[in-house]
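*Asks:* give me a model of this one.
(one chain, ligands or ions: 1)
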Amino acid sequence: MLASLGLGYPPSVNFIRPACIFVIAVLGIESGAAADQTIVLKAMRMFDGKSKTLVQNGVVIVQGNKIVDSGSNLPVPDGARVIDLGDATLLPGFMDAHTHLTSDYSGNYNELRLKRLELNASEMAYNAIPWARATIEAGFTTVRDVGSRIMNTHDFPDVSLRNAINRGIIAGPRMLVATHGIGATGGHFDPTDGFRDFLFGREPDFTDGIADGPDEIRKAVRFEVKNGADVIKAAVSGGVLSLADEVDTPQFTSAEMTALVDESHRLRKKVAVHCHGDQAAREAIEAGVDSIEHGSFMKPETLTLMKQKGTFLTPTLMASEYIMSKIDSYPPALQVKARAATAARSEMFRNAVRIGVKISFGTDAAVFPHGQNAKEFKLMVDLGMTPMDALRSATSTDAELLGIAQKVGTLEKGRLADIIAMPGDPTADITATERVSFVMKEGRVVRNGPATPSASATSATDDFTLPAD
Ligand SMILES: [Zn+2]
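*Replies:* Residues are numbered from 1 along each chain as shown. Here you go, the predicted structure:
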């Protein structure tokens, strides 16, 4: 039996809770909990997702899939099951506004490029199962998944993954998916970039997300929404891991961006744009996009425009950090682009914090192994963000960007019971976020204690260690 919770916007996201014991057993989630059982979570500290300070002696009371109360030293209702986490901090489930759960680019670039030509869509989908589990076990109960494509196959592995998670078939975070990112011919998203002309028998078109001109871009948006997109993603400037473009050149005209935003917003979908270059960012912000992803070369005037317009910045610091940690393994042309983007992004991020731009939490998981998303927190704090602001970015700020703030992102009464905990105090040591030990999604305990072995070491490379400083 499946029950849609009728959450409204975004309309194509169905938050579906498994209510059948068989499904729960498949997930490895604790069974035996009645749907309306009251669970009381206790810990020494609590961050509610929006306050400026931690609450001491935090208590969250969960009934069914919802939070019914939260605060300090609340009394335990009669008959409730108590989970006391001791010297730990309770928080709303983390969100990551920039993942690619159906991909893994963290191994050798050239080997993966060849491997992608061998994959069929169903293999791509099966590969994603442990990556989805690694992500939720790391405390990320919601992700915005911003692009999944397989050339010459009209399939949507991200839509399938989202639906399988919603139906309780596999464990993973709630997903808002973008299907194919939209981009220009020869741009960052063109899947034939760097290959000999016509190797794939045709030029990619709007069904692959490749579109030129306002009308074709509208058609690409409509095609993606028809096939299950919750959010629209586009590349409006060049990128690092693409072979045929410069990293900061504009790839859409203002008229194309206006069409992109207008069509998406008419269909009640938000627009996230991949963008490193300053000119492309300025034009995208003026066109009304909801978030700039990466933003490496943005100048202070552009960041000021973002603040005025309320545009979010999703910095994805982990992506450049990881690429730089093994820069010699990339083709020379990509090394030049990665070095330039990384050199620029630290100053851009500091300026964004100083200017007061809304900074969402997003990592580009897939560029680095899935499940290591929380390492982004330390990078944000090292570049001048306070720990509280960093925690807020991954909870209430991301919920606002994703348009689901009425459902998740805080520990307020009436929100879905997406709750995590970690030993220690993340405001005293932000790396505590990397040691999540308890995860609940919609009232069901996904993890209480050590991670599932299959949820770690599932990506192409070993654990990525950040530089010590
Ligand atoms: Zn990305």
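*Asks:* please make it C-alpha for all contacts and neighbour counts, starting now.
*Replies:* Fine.
*Asks:* quick one: the helices in the stretch 51-200 of the chain?
*Replies:* With DSSP state H, counting those that start in this stretch applied, the stretch 51-200 of the chain shows helices at 109-118, 121-137, 157-166, listed in chain order.
*Asks:* who are the packing partners of the second one?
*Replies:* I take that to be helix 121-137. Other elements packing on helix 121-137 under the criterion 3 or more Cα pairs under 8 Å, 6 or more residues apart in numbering; DSSP states H and E are helix 157-166.
*Asks:* hey, which helix or strand in this protein has the poorest pLDDT?
*Replies:* Among the helices and strands of the chain, strand 2-4 carries the lowest confidence by mean pLDDT, DSSP states H and E, at a mean of 34.
*Asks:* show me the strands in the stretch 1-150 of the chain, by range?
*Replies:* Assigned by DSSP state E, counting those that start in this stretch, the stretch 1-150 of the chain shows strands spanning 2-4, 16-18, 38-46, 55-63, 66-72, 81-84, 88-92, 94-99, 140-145.
*Asks:* hang on, the earlier thing: could you tell me the least trusted of the helices of the stretch 51-200 of the chain?
*Replies:* Ranked on mean pLDDT, the bottom entry among these is helix 109-118, at a mean of 88.
*Asks:* same question for that helix: list its buried residues.
*Replies:* By neighbour count, and taking 16 or more other Cα atoms under 10 Å as the criterion, helix 109-118 has no buried residues at all.
*Asks:* repeat for stretch 163-178
*Replies:* Judged by neighbour count using 16+ other Cα under 10 Å, the buried positions of stretch 163-178 are 163, 165-178.
*Asks:* dump the strands of the stretch 1-150 of the chain into CSV; add mean neighbour count and distance to Pro450 as well.
*Replies:* Shown next, in CSV, are those (neighbours: other Cα atoms under 10 Å; distance: least, Cα to Cα, whole Å):
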stretch, mean neighbour count, distance to Pro450
strand 2-4, 12, 29
strand 16-18, 21, 23
strand 38-46, 24, 18
strand 55-63, 23, 22
strand 66-72, 20, 25
strand 81-84, 14, 16
strand 88-92, 29, 15
strand 94-99, 29, 18
strand 140-145, 27, 16
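*Asks:* those strands into a markdown table, with extra columns for distance to Arg218?
*Replies:* Formatted as a markdown table, the entries for the strands of the stretch 1-150 of the chain read as follows, by distance: least, Cα to Cα, whole Å:
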| stretch | distance to Arg218 |
| --- | --- |
| strand 2-4 | 30 |
| strand 16-18 | 30 |
| strand 38-46 | 45 |
| strand 55-63 | 43 |
| strand 66-72 | 38 |
| strand 81-84 | 50 |
| strand 88-92 | 36 |
| strand 94-99 | 23 |
| strand 140-145 | 21 |
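*Asks:* so which of those strands comes closest to Glu321?
*Replies:* strand 94-99 (15.2 Å; Cα to Cα).
*Asks:* give me the residues contacting that closest one.
*Replies:* Residues external to strand 94-99 that are found in contact with it (Cα atoms under 8 Å, 6 or more residues apart in numbering): 139-146, 293, 314, 316, 360-366, 373, 394-395, 398-399, 402, 409, 420.
*Asks:* what average pLDDT does it get?
*Replies:* For strand 94-99, the per-residue pLDDT values average out at 98.
*Asks:* repeat for stretch 292-310
*Replies:* Confidence over stretch 292-310 (mean pLDDT, whole number) is 98.
*Asks:* for the stretch 351-469 of the chain, just list every one of the strands.
*Replies:* Along the stretch 351-469 of the chain, the segments classed as strands by DSSP E, counting those that start in this stretch run 358-359, 419-423, 438-441, 444-448.
*Asks:* nearest to Lys337 among those strands would be which one?
*Replies:* Of all the strands of the stretch 351-469 of the chain, strand 358-359 sits nearest to Lys337, with 23.8 Å by Cα to Cα.
*Asks:* what average pLDDT does that closest one get?
*Replies:* The predicted model gives strand 358-359 an average pLDDT of 98.
*Asks:* for the top helix by length along the chain, buried residues please.
*Replies:* Under DSSP state H, the helix in the chain containing the largest number of residues is helix 332-355. Residues of helix 332-355 classed as buried by neighbour count (16+ other Cα under 10 Å): 334-335, 337-338, 340-342, 344-353.
*Asks:* so what touches that helix?
*Replies:* Residues external to helix 332-355 that are found in contact with it (Cα under 8 Å, 6+ apart): 239-243, 246-247, 276, 295-300, 303-304, 307, 315, 320-321, 323-324, 327-328, 359, 383-385.
*Asks:* for Asp104, see how far away the closest residue to Val357 other than its chain neighbours is.
*Replies:* Residue nearest to Val357 in three dimensions, not counting chain neighbours: Lys307, with 4.8 Å by Cα to Cα, 6 or more residues apart in numbering. Counting by Cα to Cα, to the nearest Å, the separation of Lys307 from Asp104 is 33 Å.
*Asks:* neighbour count for those two, which is higher?
*Replies:* Neighbours were counted for Lys307 and for Asp104 using other Cα atoms under 10 Å; Asp104 has more, 22 against 17.
*Asks:* okay, how far is it across stretch 265-274, tip to tip?
*Replies:* Distance between the boundary residues of stretch 265-274 (Cα to Cα) amounts to 18 Å.
*Asks:* and it, how far from the chain's centre?
*Replies:* Centroid separation between stretch 265-274 and its chain, computed with Cα atoms, centre = their mean, to the nearest Å, is 16 Å.
*Asks:* what of stretch 69-76?
*Replies:* Using Cα atoms, centre = their mean, we find the averaged C-alpha position of stretch 69-76 to lie 31 Å away from the chain's own average C-alpha position.
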